[in-house]
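Student: got a predicted structure here, sequence first:
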Amino acid sequence: MAPNDDESVKLFLSIGLDEKTATTTINNPKVTANLTAVIHEAGVTNGCDRTTGNLLYTDFKLNEFEEACGVGVEVSAEDIEKAADEVFEENKKTIVEQRYRTNGYGSIAWTVWKSLPWADPKIVKVS
């Protein structure tokens with residue numbers, strides 16, 4: 001190993017990578033350069049815990065993350081109204097039969113929230 005490789009291995013070990021992963025990583029100059037840059041950008045050149053280090057080492061899938069968080073999902077008031085009407089119609093018989101003994105609003109709101117997780121709760125509440 002070259003002196004620079006020793007420094008890289010030492011740096012990679014300091015972020016919690018195991019020795020095998022650290023030595024394997026330095027065999028790929030592109031990955032070594034990228035990981036070194038990420039470590040410096042994150043400000044953890046003096047080391048960090050293994051969990052944080054794994055986050056730095058692992059490829060971050062931005063598209064999957066944004067999809068899971070609902071980035072770009074727009075739910076209009078009309079969409080919420082339509083979903084609430086559909087849920088109400090599905091449960092109308094039970095609501096009419098049980099009247100005040102049922103939690104019609106709560107079950108409808110919950111079902112709408114489950115079907116439209118990114119809907120504005122304030123609008124769901126008034127729908």
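Tutor: Arrived safely, thanks for sending.
Student: what does the domain assignment say about the protein?
Tutor: Domain ranges of the chain: 3-60, 77-126, per automatic domain parsing.
Student: shouldn't residue 109 be in contact with residue 126?
Tutor: No. Between residue 109 and residue 126 there is no contact under CB atoms under 8 Å: 10.1 Å. Where C-beta positions appear, they are placed from N, C-alpha and C, glycine not excepted.
Student: quick one: list the elements packing against whichever strand or helix holds residue 52.
Tutor: Using DSSP states H and E, residue 52 falls within helix 50-57. Counting by 3 or more CB pairs under 8 Å, 6 or more residues apart in numbering; DSSP states H and E, the packing neighbours recorded for helix 50-57 are helix 29-42.
Student: tell me the mean pLDDT for the helix it packs on?
Tutor: Mean pLDDT, helix 29-42: 92.
Student: before we move on, the earlier item: could the C-alpha coordinates of the helix or strand that comes right after the helix holding residue 52 be exported in PDB?
Tutor: Per DSSP H and E, the first helix or strand lying C-terminal to helix 50-57 is helix 62-69. Extracted in PDB, the C-alpha atoms of helix 62-69 (Å, rounded to 0.1, in the frame of the first residue of the first chain):
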ATOM      1  CA  LEU A  62     -32.700  10.400  -3.800                       C
ATOM      2  CA  ASN A  63     -35.700   9.400  -6.100                       C
ATOM      3  CA  GLU A  64     -36.800   6.600  -3.700                       C
ATOM      4  CA  PHE A  65     -36.400   8.900  -0.700                       C
ATOM      5  CA  GLU A  66     -38.400  11.700  -2.300                       C
ATOM      6  CA  GLU A  67     -41.100   9.200  -3.400                       C
ATOM      7  CA  ALA A  68     -41.400   7.800   0.100                       C
ATOM      8  CA  CYS A  69     -41.700  11.400   1.500                       C
END
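Student: appreciated, that's everything.
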